[in-house]
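# generate coordinates for the sequence data below:
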Amino acid sequence: MTGSADRPWLLALDTATSRIVAAAGGPDGALVEALDWPAGHRHGERLLPGLEELLAATHLDRAGLRGVIVGTGPGAFTGLRVGLATAKTLAHAAGLPIAGVGTGGALIGAAAEDGRCDPRDIVLLLPAGPHDRVVVRLGRPARLLPGGAEPELRPGDVVVAVDLADRADAAACARGEAALDGLAGELLRQGGARLRNGDADDPAGLVPEYVTLPRGVEAERGEIEWSRGPR
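All right, here's what the predicted structure looks like:
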């Protein structure tokens, strides 16, 4: 692909998992290129250089950017803060629309992409600190699962575990790795559809879905304050 100021494209970012994801797609939401890097608590250091690497890899021009898509979690405090702030800044500086896409829903969509299971049967598990986990199902609020507890499963449910190598079985973790591999494409698919329909977010109301908050930090209006489910 050759660079061109008038070649339209969309940018997708996600910092809700152990990987920093930066991807470029066409206005139709089709994936052009996706790059990811281990976050390692260095989201602020890696994200902007990663965007430069994406531009270099795709030969896309900043002038052609038509919209920004950003994953909103659930995820850890620091990573989501950096990702949302970067996405909002880029969109504001260029006067572009922005669409927030739930990372949990995008991971579920990616996990179901091969058609082997219904996305409504997927039970997504994400880490919440060193002991707890978060359970995400389509159409339901995410729930914090206390350490030692297991999710309630129905017949036919498929568990997908992301970033939980030591807290979920091998098959669930393998499905989680595959979902992470497909996250960029699913963010672009969902976010691109919204932007094409004129369903952009108000940046002021676009807030992350935190799984935990650091001690002494209060959630801003609209941000989720997690409470433990019944033990």
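# does residue 125 sit in a helix or strand, and which one?
Using DSSP states H and E, residue 125 falls within strand 122-128.
# what distance separates whatever helix or strand comes next after that strand from the centre of its chain?
Next helix or strand after strand 122-128 toward the C-terminus (DSSP H and E): strand 132-136. In terms of CA atoms, centre = their mean, to the nearest Å, the centre of strand 132-136 is set 15 Å apart from its chain centre.
# and this protein, what are its domains?
9-104+183-205, 115-179 (automatic domain parsing).
# got TSV for these, with distance to residue 211, mean pLDDT and mean neighbour count too?
Heads up, the C-betas are built off the backbone N, CA and C, glycines and all. As requested, those are exported to TSV (distance: least, CB to CB, whole Å; pLDDT from 0 to 100; neighbours: other CB atoms under 10 Å):
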stretch	distance to residue 211	mean pLDDT	mean neighbour count
domain 9-104+183-205	5	94	20
domain 115-179	4	95	16
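# how long is stretch 24-44 end to end?
End-to-end distance of stretch 24-44 (CA to CA, to the nearest Å): 20 Å.
# who's in contact with the longest helix that the chain contains?
In terms of residue count, the longest helix belonging to the chain (DSSP state H) is helix 77-94. Applying CB atoms under 8 Å, 6 or more residues apart in numbering, the external contacts of helix 77-94 come out as 11, 13-17, 20, 39, 41, 43-44, 47-48, 62, 65, 67-73, 96-98, 100, 203, 206-210, 212-214, 217.
# likewise for stretch 126-137?
With contact meaning CB under 8 Å, 6+ apart, stretch 126-137 is reached by 17, 74-75, 104-105, 107-108, 120, 122-125, 142-148, 151, 162-164, 167, 211-212, 226, 228.
# now, those residues that are in strands?
Within these, residues falling in strands by DSSP state E are 122-125, 143-145.
# show the contacting residues for residue 185.
The contact partners of residue 185, taken as CB under 8 Å, 6+ apart, are 23, 25, 31, 34, 110, 113.
# tell me which residues touch the third one, please.
I take that to be residue 31. Counting by CB under 8 Å, 6+ apart, residue 31 has contacts 23-25, 184-185, 188.
# again, but for the second one
Residues near residue 25 by CB under 8 Å, 6+ apart: 9-10, 12, 31-32, 185, 188, 192.
# just the fifth one next, same as before
Shown here is residue 110, whose contacts under the criterion CB under 8 Å, 6+ apart are 178-183, 185-186.
# identify those among the residues you listed that sit within helices.
178-181, 183, 185-186.
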